[in-house]
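Chemist: Got a predicted structure plus its sequence, pasted below:
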Amino acid sequence: MTPFLSVSTDSDRTEFLIDTQLFSPVIAMKAAYVLLDRAYFFFFTRPDGLMVQVSPKVGQDWSAERFTLEYSDELLAYALRARVELENKEVRETIVRRALGSYADLPNFTSVDPIASSPQIDFDKDIDEILREIENDPELKIDEAEINRILAEIDSETQALKKPKLDPNKLKDVKKNFQHK
């Protein structure tokens, strides 16, 4: 059997190669972030994948095999989370668009690059947490009809907040009246 993580271990560290055809470097780093309290991570790109070297922090009960298995769990969890976020993107955008009355700059609002050079806020994070709570609540049974009902309720609540439309002809009339005085 070929392991999906090729592992080599020393007594105080472990090293493994991640198949970047399956897991992006961003997913690998997100999975590592969860375990930063226990270990130091070093990433190196190679033609055949992403090499990760891990050294335990002082005072940690360390087992390279156990740690690699835990990292593997986190890697899978973040890969699936990214897939669910991608699948739910349209629903999240629709909810946000309706909640804000279509005034948000939605492409920039929901497409935040976490490794961009300029600091930006990840608004998707809060929405994703809400969606996870909804998905994990066994008592909630939300289907497309329920989502449409919620969106209709949001839409009706935001109707009063919509910006009044300006008539360009009225502005011309005001200018003409002002010039005549």
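Modeler: Nice, I can see it. Bear in mind that the values here come from a model prediction, so they are computed numbers and not experimental data.

Chemist: Looking at the lengthiest helix in the chain now, give me its mean pLDDT.
Modeler: For the chain, the helix reaching the highest residue count under DSSP state H is reported as helix 64-99. Rounded to a whole number, the mean pLDDT of helix 64-99 is 86.

Chemist: That one packs against which elements?
Modeler: Helices and strands touching helix 64-99, by 3 or more Cβ pairs under 8 Å, 6 or more residues apart in numbering; DSSP states H and E, are strand 5-9, strand 14-18, helix 25-34, strand 49-56, helix 106-110, helix 123-136, helix 144-158. Any C-beta I mention is one placed from the backbone N, CA and C, and that applies to glycine too.

Chemist: looking at those, which has the lowest confidence?
Modeler: The lowest average pLDDT among these, as it happens, falls on helix 106-110, at a mean of 51.

Chemist: can I assume residue 23 sits in a helix?
Modeler: No: Residue 23 sits outside any helix when classified using DSSP: H, G, I helix; E, B strand; the rest coil, being coil.

Chemist: phi, psi of it?
Modeler: Per-residue torsions, residue 23: phi -130, psi 120 (degrees, to the nearest 10).

Chemist: Equivalent analysis for residue 35, please.
Modeler: Note on residue 35: its backbone torsions stand at phi -100, psi 10 [degrees, to the nearest 10].

Chemist: neighbours of it, just the number please.
Modeler: The burial metric for residue 35, expressed as a neighbour count using other Cβ atoms under 10 Å, is 15.

Chemist: Make 605 the first number, not 1, from now on.
Modeler: Sure thing, new numbering starts at 605, so read that last one as residue 639.

Chemist: Pull out the buried positions in stretch 618-632.
Modeler: Judged by neighbour count (16 or more other Cβ atoms under 10 Å), stretch 618-632 contains these buried residues: 618-622, 624, 627, 631-632.

Chemist: Out of the residues you listed, which comes closest to residue 690?
Modeler: residue 631 (11.9 Å; Cβ to Cβ).

Chemist: these two touch, right, that closest one and residue 679?
Modeler: Yes: checked against Cβ atoms under 8 Å, the pair residue 631 and residue 679 is within contact range at 6.7 Å.

Chemist: Check residue 605 and give its pLDDT.
Modeler: 44.

Chemist: do residue 774 as well
Modeler: Model confidence at residue 774, given as pLDDT, is 72.

Chemist: element containing it, please.
Modeler: For residue 774, the enclosing helix or strand under DSSP states H and E is helix 772-784.

Chemist: what angle do the longest helix of the chain and strand 618-622 make?
Modeler: 50 degrees (axes from the mean of the first three to the mean of the last three Cα atoms, to 10 degrees).

Chemist: list the buried ones in helix 668-703?
Modeler: 668, 671-672, 674-676, 678-679, 682-683, 692, 696-697, 699-703.

Chemist: I am finished for the moment; much appreciated.
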